[in-house]
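In: here you go, sequence then predicted model.
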Amino acid sequence: MTTATGQVCSREYLDRTDFKLVNDFLTESYLLLGKQHNWSRVQWEILHTISLNETRISRNMALERRVRLWETNQGKVVGMVNFEDREDFFIQIHPQFRFLENEMLEWAEEHFAAFLGTDPNNYPLYTYVYGYDVERARTLTHRGYQNLCPVVFNRWRAVDKSFTRQKLAPKYGISGFCSSVENFEKLAQLDLEVFGSAHLPVRTIRVLREAPSYRPDLDLVVVSPAGLFVAFCLAWFDPATRTGELITLGTHPDYRRQGLGSKLIAESLIRLGKLGAKVVYVNTAFNSASNLLYEAMGFDQYATAYRWSNELSGRFSLYRQELSGRNN
C-alpha cells in the first residue's frame, strides 16, 4: 500500500537498490544535526549485512518486511521505520520532515499488528526516544505510549592527539583480529564469558566481515602469553561523516582491573584518528559499570535514550480481535 502526505510518499524497501539512498539520507541528517539523532550509517550497515544473511534462513528477517521508506517525488529518502526485531522499531527522520512522524507510527503499529496474525499473546510494541526529543515524546503520549525507563547513555568524544599507546604487561599484546575459524571461535567464546550470553556468535562474526566498510584493523584483541583472547574492542569508521563508533568492549572476568579496557579504547581512538575520524561515539547500557570507564576516557554523555511502549490497547486491541475473529 502506498500512502502520501503532500510531496512525500511511503513505499517498501527494495533491498540493495535502496541501500545507498538510505546511507545518503543518514549522512545528510547527521551533518545537518551534528549528532546521532537517527541511526548512524554504521548501525544501518550492520543491520543490513546481518539481515541479508538471515534472509537466507527466514523470510521474516527480510528487510522489505522490516523497513519502510518515506521519500520525496524526486526520489530522496527523508524518513524510515525499521524493525530491529519483531517488537522493537526505530524512526529515522530528516529534521525538515518531522511532520511525517505520526504517519510513520501509524504504519509501524498496523504492520506490527498484522505481523502478529493469530498469535494470542498480547506482545508489547517498543520504540526509543532521546530525552531531549520533546516533540516525539508528545506524539507518542498522544498515541497511548508510555515512557518505561532509560536504557542507553549516548556518549561522544573528540579525537585529538592526547592519546598515546599504553604499555601492556610483559608478553601481552594488542593486535588486529585475523580471520580464521579458530579466531572466530575464540572471540565468540570470549564474548560469551564476558557477557554471559552470545552477543557475537561465530556466524555473526563471520557475516560482519562482509559489510562494505568493515576494517579488520579496527577489531582489536588483547592476547595473553598463552595465546588466549582476554579482552576485545570492536570499532567501525564512517568516512562520509568522519566519525567512529565503539561497537562493543569486554574483558574476561579473570583479567579485569588490569587496565586492558582503557588500553583498548586508547588504541581504537589512535587508529580511528589516523583514518580521519573527528568524533567517536559509544552507547552504553544505563546501569553498565562501563560508564565509569568511558567517563574516565573522556566520553561525555550527550543524550539518554528511553524505551517507550504501547501495549496495543484501544483500537489496536480491537484490530487484533477482529483479525482473530476472521480466522476462527
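Out: Structure's in. What do you need?
In: need the residues that contact the helix or strand where residue 149 lies.
Out: Using DSSP states H and E, the element containing residue 149 is strand 146-158. For strand 146-158, the surrounding residues in contact (C-beta atoms under 8 Å, 6 or more residues apart in numbering) are 35-36, 128-131, 137, 269, 278-286, 291, 294, 297-310. Backbone N, C-alpha and C define where each C-beta goes, glycine included.
In: just these: which are in helices?
Out: Judged by DSSP state H, those include 137, 269, 291, 294 as members of helices.
In: sort those by pLDDT and name the bottom one.
Out: Across those, the bottom pLDDT score, 93, is held by residue 291.
In: just give the nearest non-adjacent residue to that residue, would you?
Out: Using C-beta to C-beta, 6 or more residues apart in numbering and skipping the chain neighbours, the partner closest in space to residue 291 is residue 284 (5.3 Å).
In: which intervals of the chain have sub-threshold pLDDT?
Out: 1-6, 54-61, 115-123, 312-328 (pLDDT under 70).
In: now with 80, please.
Out: 1-6, 15-16, 52-62, 85-86, 112-123, 161-163, 177-179, 198-199, 287-288, 311-328 (pLDDT under 80).
In: go ahead and flag the most central residue of it.
Out: Central residue of the chain (C-alpha atoms, centre = their mean): residue 43, 4.3 Å from the mean position.
In: the strands in the chain, which residues?
Out: 4-5, 8-12, 67-72, 77-83, 89-93, 125-130, 146-158, 173-176, 219-223, 229-238, 243-251, 279-285, 300-310 (DSSP state E).
In: buried stuff in the last one?
Out: Meaning strand 300-310. Residues 303, 305, 306, 307, 308, 309, 310 are the ones in strand 300-310 that count as buried (16 or more other C-beta atoms under 10 Å).
In: what of stretch 174-192?
Out: Within stretch 174-192, the residues that count as buried by 16+ other C-beta under 10 Å are 174, 177, 183, 184, 186, 187, 188, 189, 190, 191.
In: neighbouring contacts of that stretch?
Out: With C-beta under 8 Å, 6+ apart as the test, stretch 174-192 has contacts from 168, 198-202, 205-206, 209, 216-223, 228-232, 248, 250, 252, 263-264, 267.
In: is it possible to mark the buried ones in those residues?
Out: The neighbour count (16+ other C-beta under 10 Å) marks 168, 200, 202, 205, 218-223, 229-232, 250, 252, 263-264, 267 as buried among these.
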